[in-house]
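Enquirer: sharing a model prediction with you, sequence too.
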Amino acid sequence: MTVPKSIATIGVAIMATWYSGRDPIVASCALSIAAGLSTYFLVPTLAPLFTQAGLRGKDVHRASQPIVPESLGLVAATVYIVSLFLFIPFVFYDWIAPSLDPFVSARNAHSFPHVKLGEFLSALLSLQSMTLLGFADDLFDIRWRSKLPLPLIASIPLLMVYYVSGGITWIAVPYPFRSLLGSSIDLGPLYYLYMSLVSVFCTNSINILAGVNGVEAAQSLIIALSLLINDLLYIGGPDYPASQVHLLSFYLLLPFVGVTLGLLWHNWCSVSLLVGDTYCYFAGMTFAVAGILGHFSKTLLLLFIPQIFNFVLSFPQIAHVVPCPRHRMPRLNGKTQLLEASTASLEDLSSLGKVILLFLERLGLVRLEKASSGSLTTTTNLTLLNLLLVRLGPMREDRLVQWIMAIQGLGSVLAFIIRYRLVSLFYDVIS
């Protein structure tokens with residue numbers, strides 16, 4: 001009965017929007033609510049099918065280590081993409097609606113916003129591609145070196161539409177460098193490389209800051225809500241072009257909030273499911289698409305301050321300068337039932353790795369164990385999750401996720417302060 005409920009929910013949302021004036025914002029809100037409810041209904045229904053198909057794993061943060069379904073992020077991603085497909089007629093209703101006046105029809109056809117449609121469809125194509133690649137990673141457990149360029153491939157449709165729509169490639173130069181570079185500089189192809197790297201970073205940064213139930217969806221929810229607030233600051237403003245691109249970002253992010261809430265309800269520090277890499281890649285690409293099409297990629301990166309810190313901290317292990325185990329997630333203490341920082345053996349530690357670890361220990365970012373001879377034997381893994389457990393001590397899984405949410409929220413506040421207050425110290429106008 002759950003699948004019919006989901007279909008009925010989406011149907012009611014479409015009918016309610018259609019008879020309330022077919023306003024795109026109303027349609028987006030209604031379909032986002034329907035998408036959230038559909039995800040909520042579908043996840044527990046489809047979870048057993050994932051288990052039967054072999055998409056399952058152990059929840060190592062429970063004493064009994066139960067077998068739970070994995071890759072349920074695919075359900076959220078699918079519902080999200082379907083909701084965007086259903087939303088297309090509402091965005092372009094003024095141009096596709098039949099008219100009794102042939103002259104009006106011809107005028108509407110001539111003025112049809114083909115670029116806007118191209119942006120919307122390219123966003124869907126990139127999101128579908130990244131969802132497929134994320135699901136393939138869950139199925140085949142692709143090595144990180146092989147999957148690193150996957151977002152580059154998925155972003156190609158987006159960049160092509162950005163190019164043909166006359167996307168700008170110049171940037172404003174901060175005050176201290178204007179005597180050397182001028183007030184602005186055109187990066188040309190380098191700007192497209194930058195946007196590609198933004199998509200790579202967004203998709204992988206969510207995946208790196210993972211490892212406990214609920215943390216992937218929780219951090220993504222706060223980032224999405226922060227981006228929605230940023231969009232609302234522009235929608236309806238006097239700058240029409242900025243208002244339109246932020247409206248497109250709003251349409252992309254609102255249903256994402258809906259499906260993430262529906263998924264998080266079942267994933268919140270429970271043994272019911274694992275979201276898998278599918279959700280991480282899908283979430284990251286959603287943010288990248290919204291940032292690129294909304295022309296606020298710099299603001300987007302500001303909202304990723306916790307993820308940037310986590311990446312910088314993790315880099316010595318990612319680059320294998322410091323030994324990196326297969327999994328770096330926190331470990332459960334069977335006696336206390338609390339999570340503790342996981343560790344890595346330092347048997348093959350290089351001289352550079354030793355210098356880095358001693359420096360991080362001096363900063364209080366890592367805990368090292370040493371042999372009687374003074375050589376380093378183990379280190380806590382270099383992630384934000386393990387750092388919190390090092391600094392704050394062992395804690396419950398839900399408490400750890402709450403700390404990540406608090407840090408993400410503070411990061412968003414800091415990002416808005418930099419974006420709308422401190423930026424005037426470096427630029428003539430907000431750019």
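Expert: Yes, it's here.

Enquirer: just checking: what are the partner strands of the lengthiest strand in the chain?
Expert: Counting residues, the longest strand found in the chain (DSSP state E) is strand 376-380. Partner strands and pairing direction for strand 376-380 (DSSP bridges) are strand 343-345 (antiparallel), strand 368-370 (antiparallel).

Enquirer: deepest of these, which one?
Expert: Comparing these by mean neighbour count (mean count of other C-beta atoms under 10 Å), strand 343-345 comes out on top with a mean of 16. C-betas here are computed from N, CA, C, even on glycine.

Enquirer: the helix or strand following that strand to strand 376-380, inter-axis angle?
Expert: Heading C-terminal from strand 343-345, the first helix or strand you meet, by DSSP states H and E, is helix 351-362. Relative orientation of helix 351-362 versus strand 376-380 (axes from the mean of the first three to the mean of the last three C-alpha atoms, to 10 degrees): 60 degrees.

Enquirer: which secondary structure elements does helix 351-362 contact?
Expert: Judged by 3 or more C-beta pairs under 8 Å, 6 or more residues apart in numbering; DSSP states H and E, helix 351-362 is in contact with helix 305-318, strand 368-370, strand 376-380.

Enquirer: lowest average confidence, helix or strand, in the chain?
Expert: Scoring the helices and strands of the chain by mean pLDDT, DSSP states H and E places helix 102-110 at the bottom, with a mean of 51.

Enquirer: and the most centrally placed residue in the chain, what helix or strand is that in?
Expert: The residue lying closest to the centre of the chain (C-alpha atoms, centre = their mean) is residue 284, at 2.9 Å. Secondary structure assigned from DSSP H and E places residue 284 in helix 276-293.

Enquirer: mean confidence for that helix?
Expert: Across helix 276-293, the average pLDDT comes to 94.

Enquirer: run the angle between that helix and helix 305-318 for me.
Expert: In terms of direction (the same axes, to 10 degrees), helix 276-293 departs from helix 305-318 by 130 degrees.

Enquirer: just checking, next helix/strand downstream of helix 276-293?
Expert: For helix 276-293, the following helix or strand on the C-terminal side (DSSP H and E) is helix 297-302.

Enquirer: show me what that next one is in contact with.
Expert: For helix 297-302, contacts defined as C-beta atoms under 8 Å, 6 or more residues apart in numbering pick out 194-195, 198, 201-202, 227, 230, 287-288, 290-291, 308, 414-415, 418-419.

Enquirer: what's the most distant pair in these?
Expert: Greatest spatial distance among these (C-beta to C-beta): 195 and 414, at 23.5 Å.

Enquirer: so which of these two has more stuff around it?
Expert: Comparing residue 195 with residue 414 by other C-beta atoms under 10 Å, the one with more neighbours is residue 195, at 19 against 15.

Enquirer: list the contacts of that one.
Expert: 155, 158, 159, 162, 292, 297.

Enquirer: how many residues are close by the nearest residue to residue 210 once chain neighbours are set aside?
Expert: Excluding its sequence neighbours, the residue lying closest to residue 210 (C-beta to C-beta, 6 or more residues apart in numbering) is residue 216, at 5.0 Å. By other C-beta under 10 Å, the residues close to residue 216 number 29.

Enquirer: could you measure from residue 216 over to residue 405?
Expert: Distance of residue 216 to residue 405, computed by C-beta to C-beta, to the nearest Å: 12 Å.

Enquirer: one more: residue 169?
Expert: Residue 169 is 36 Å from residue 405, where distance means C-beta to C-beta.

Enquirer: same check, this time on residue 131
Expert: Taken as C-beta to C-beta, the span from residue 131 to residue 405 is 25 Å.

Enquirer: who has more neighbours, the two?
Expert: Each of residue 131 and residue 405 has its neighbours counted (other C-beta under 10 Å); residue 131 has more, 24 against 16.

Enquirer: which ones are touching the more buried one?
Expert: Residues near residue 131 by C-beta under 8 Å, 6+ apart: 74, 77, 78, 81, 278, 281, 282, 285.

Enquirer: report the rounded mean pLDDT for stretch 419-431.
Expert: Stretch 419-431 comes out with an average pLDDT of 71.

Enquirer: setting aside sequence neighbours, what's the nearest residue to residue 117?
Expert: Nearest to residue 117 is residue 92, by C-beta to C-beta, 6+ apart, at 6.6 Å.

Enquirer: can the strands paired with strand 376-380 go into JSON lines with extra columns for mean pLDDT?
Expert: Converted to JSON lines, the strands paired with strand 376-380 look like this (pLDDT from 0 to 100):
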{"stretch": "strand 343-345", "mean pLDDT": "94"}
{"stretch": "strand 368-370", "mean pLDDT": "93"}
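
Enquirer: can you list those strands in a markdown table and add distance to residue 243?
Expert: What follows is these, written out as a markdown table (distance: least, C-beta to C-beta, whole Å):
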| stretch | distance to residue 243 |
| --- | --- |
| strand 343-345 | 49 |
| strand 368-370 | 53 |
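
Enquirer: so which of those strands comes closest to residue 401?
Expert: Going by C-beta to C-beta, the one of those nearest residue 401 is strand 343-345, 21.3 Å.

Enquirer: per-residue pLDDT, residue 145?
Expert: Listed pLDDT for residue 145 reads 69.

Enquirer: can you show me the strands along the stretch 51-200 of the chain?
Expert: Using DSSP state E, counting those that start in this stretch, the strands of the stretch 51-200 of the chain run over residues 56-58, 67-69, 170-172, 184-186.

Enquirer: closest one to residue 328 among these?
Expert: Nearest to residue 328 among the strands of the stretch 51-200 of the chain is strand 56-58 (16.0 Å), distances taken as C-beta to C-beta.

Enquirer: so for the closest one, what gets flagged as buried?
Expert: 56, 57 (16 or more other C-beta atoms under 10 Å).

Enquirer: just how off-centre is it within its chain?
Expert: The chain centroid and the centroid of strand 56-58 are separated by 23 Å under C-alpha atoms, centre = their mean, to the nearest Å.

Enquirer: who does it touch, helix- and strand-wise?
Expert: strand 67-69.

Enquirer: which outside residues touch the strand it packs on?
Expert: Applying C-beta under 8 Å, 6+ apart, the set of residues contacting strand 67-69 is 47-48, 50-51, 55-59, 271-274.

Enquirer: alright, calling it a day.
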